[in-house]
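Q: Return atomic coordinates for the entry below.
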Amino acid sequence: MKNIGIWEEEYKIKTFNVDLNNKLTIWSLCGFFQQSATSHAAFFKAGYSNLIKENKVWMLSRLKLKIFKQPELDETIKINTWVNSFDRLFSYRDFHILDKNNEIISAARTAWIVYDINTKTVSNVEPFVNDYIKFIDKCIINDKTEKLKFKELKNENKSFPVRFSDIDINKHVNNIKYIQWIADSLSSEMMTGKNIGLFEMNYISQARFGDEIIISYEKISEKPLIYYQIIKRKFDNKELCKAKIVFTK
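A: Numbers count the residues shown, from 1 in each chain. Below you'll find the predicted structure:
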């Protein structure tokens, strides 16, 4: 940690963080994001243990991740994170991922909400981020996290249940699990030997233990290779999240 405005943590990539291509998985990377954001929030007494006293929790709403180079097993990376800005509904948090040479190999922009678990409503984020030093123009990603607007997609996977291992401390499906589901919705031929250059996700609603999940997908472009995905709850067809993957190879 260099200062209270920019939080820095190191992570060594373990065997359970890499895929069959020996590359850091996007869900492990996003897990590192989540941990770094949690640590930073806790420093400002706005972490889980503080918010839960008010029956509130942080929830990730939007993610835009750009990958320039994928680290491999046993490499050590550093994640820097800071609050960009905020409005009434969202706290905008950015990330830079650096290799051993302090070169930026990935970057992400995220939007977070504060959710009241009793009233099931979104709270004003200002009281929880007002003390942060803001860095508006630091991220190398210039574009904002935006709403993904596509609707029905052509292909659909078989439904599957939300399992006990999918549930997190907030008693709903953790955002990392959605990313794993998205990757699993594409065949091994689609994923093997390919590099992800851009990954975007919008979290729309919550899935809970026992829900039946359906993932639809569609190839939008061949060059570059682009897929859209939608995760829905089966019984009411409720959209839970949307994703966009752009492959660079």
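
Q: Please name the nearest non-neighbouring residue to residue 145.
A: Nearest-residue entry for residue 145: residue 62, 3.9 Å, with adjacent residues in sequence omitted and distances by CB to CB, 6 or more residues apart in numbering. Every residue, glycine included, has its C-beta placed from N, CA and C.

Q: dump the residue contacts of residue 69.
A: Residues in contact with residue 69 (CB atoms under 8 Å, 6 or more residues apart in numbering) are 99, 105-106.

Q: one step back: surely the residue nearest to residue 145 touches residue 201?
A: Yes. Using CB atoms under 8 Å, residue 62 is in contact with residue 201, at 7.2 Å.

Q: Looking at those two, which has the bigger crowd around it?
A: In terms of neighbours (other CB atoms under 10 Å), residue 201 is the more surrounded of residue 62 and residue 201; the figures are 27 against 22.

Q: ok, the more buried one - contacts?
A: Residues near residue 201 by CB under 8 Å, 6+ apart: 62-63, 148, 175, 178-179, 182, 241-244.

Q: Phi first, then psi, for it.
A: phi -150, psi 140 (degrees, to the nearest 10).

Q: What average pLDDT does the helix or strand where the residue nearest to residue 145 lies get?
A: Per DSSP states H and E, residue 62 falls inside strand 56-67. Mean pLDDT, strand 56-67: 95.

Q: out of the contacts of residue 201, which are inside strands?
A: 62-63, 241-244 (DSSP state E).

Q: rewinding a little: can you tell me the strand partners of the strand holding residue 62 and which way each runs?
A: strand 104-116 (antiparallel), strand 196-203 (antiparallel) (DSSP bridges).

Q: now the ones you listed as a markdown table including mean pLDDT and distance to residue 37?
A: Converted to a markdown table, those look like this (pLDDT from 0 to 100; distance: least, CB to CB, whole Å):
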| stretch | mean pLDDT | distance to residue 37 |
| --- | --- | --- |
| strand 104-116 | 96 | 8 |
| strand 196-203 | 95 | 14 |
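
Q: Would you mind giving those as CSV with distance to residue 90 added?
A: Formatted as CSV, the strands paired with strand 56-67 follow (distance: least, CB to CB, whole Å):
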stretch, distance to residue 90
strand 104-116, 4
strand 196-203, 12
